[in-house]
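**Student:** Could you work out the structure for the sequence below:
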Amino acid sequence: MDPSPSLFFGMCTRCSEAVYASEGACQAMGHIFHNTCFTCNVCNKQLCGKPYFTVSGLIYCEDDFLFSGVHPSQEVCNGCGSSISDYVLQACGKSYHPSCFRCVVCRQELEGQTFTVDSDSRVYCVSDYHRVQAPSCAACSKPILPTDGSTESIQVVSSNKYYHIECYSGEVNLI
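**Tutor:** Have a look, this model is predicted:
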């Protein structure tokens with residue numbers, strides 16, 4: 001038996017066999033695949049780390065999607081409700097015109113930008129997400145936000161309350 005067993009990721013969506021880290025694995029569309037199983041349905045080109053498109057659950061490489069007639073009937077933009085006749089931006093399982101994929105707060109276009117989604121599937125730029133979703137400090141009542149240049153906030157949690165580090169004045173009991 002191998003002294004360092006390989007990490008088990010789950011079952012491959014395509015072949016239904018176990019996927020281990022040592023075999024090469026990828027995650028796409030919320031599913032796990034062997035790298036060798038994540039392929040175009042038309043030409044069998046491996047797609048791990050490459051652009052791909054899905055239509056009715058089938059996976060296509062960029063060339064087959066664009067040039068072999070597998071385009072779906074008109075996609076409808078989740079942002080504006082109009083049909084999409086050119087470039088389709090897919091995010092969070094929905095289709096958008098690139099100009100319609102925007103932060104719900106500041107309306108900044110998010111194509112190619114880091115974004116996050118709340119529990120109701122609303123899309124935010126990272127800074128607005130922190131401003132809107134940040135917990136309030138139990139001492140000063142101000143939101144606990146990341147410091148400038150950071151994307152993570154530092155907070156103290158005590159008795160199910162949140163505090164800025166500088167606002168927390170809890171006692172430490174040493175045994």
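**Student:** By mean pLDDT, flag the weakest helix or strand of the chain.
**Tutor:** When each helix and strand of the chain is scored by mean pLDDT, DSSP states H and E, helix 62-67 comes last, with a mean of 80.
**Student:** Name the residues that touch stretch 133-149?
**Tutor:** Applying C-beta atoms under 8 Å, 6 or more residues apart in numbering, the contact partners of stretch 133-149 are 118, 124, 130-131, 152-155, 161-164, 167-169. (Each C-beta comes from the backbone N, C-alpha and C, glycine too.)
**Student:** coming back round to it: what is the least confident helix or strand of the chain packed up against?
**Tutor:** strand 52-55 (3 or more C-beta pairs under 8 Å, 6 or more residues apart in numbering; DSSP states H and E).
**Student:** how about the helices in this protein?
**Tutor:** Assigned by DSSP state H, the chain shows helices spanning 62-67, 126-133.
**Student:** what mean pLDDT does the last one have?
**Tutor:** So that's helix 126-133. The pLDDT scores in helix 126-133 average 85.
**Student:** sorry, back to before: pick the most deeply packed of the helices of the chain.
**Tutor:** Highest mean neighbour count among these (mean count of other C-beta atoms under 10 Å): helix 126-133, with a mean of 16.
**Student:** For that helix, output the C-alpha coordinates as CSV.
**Tutor:** Only the C-alpha atoms of helix 126-133 are listed here, as CSV (Å, rounded to 0.1, in the frame of the first residue of the first chain):
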residue,chain,number,x,y,z
VAL,A,126,-15.9,42.9,-3.7
SER,A,127,-15.8,46.4,-2.0
ASP,A,128,-19.5,46.8,-2.1
TYR,A,129,-20.1,43.3,-0.8
HIS,A,130,-18.0,44.1,2.2
ARG,A,131,-19.7,47.4,2.8
VAL,A,132,-23.2,45.9,2.5
GLN,A,133,-22.6,42.5,4.1
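**Student:** so how far is it off the chain centroid?
**Tutor:** 16 Å (C-alpha atoms, centre = their mean, to the nearest Å).
**Student:** Check stretch 46-61 too.
**Tutor:** A distance of 17 Å separates the centroid of the chain from that of stretch 46-61, by C-alpha atoms, centre = their mean.
**Student:** now what about it, what contacts it?
**Tutor:** Contacts for stretch 46-61 (C-beta under 8 Å, 6+ apart): 24, 26, 28-29, 33, 35-36, 38-43, 45, 62, 65, 70-72, 88, 90.
**Student:** 10 Å - rerun?
**Tutor:** With contacts defined as C-beta atoms under 10 Å, 6 or more residues apart in numbering, stretch 46-61 is touched by 13-14, 24-29, 33-45, 62-66, 68, 70-73, 75, 88, 90, 93.
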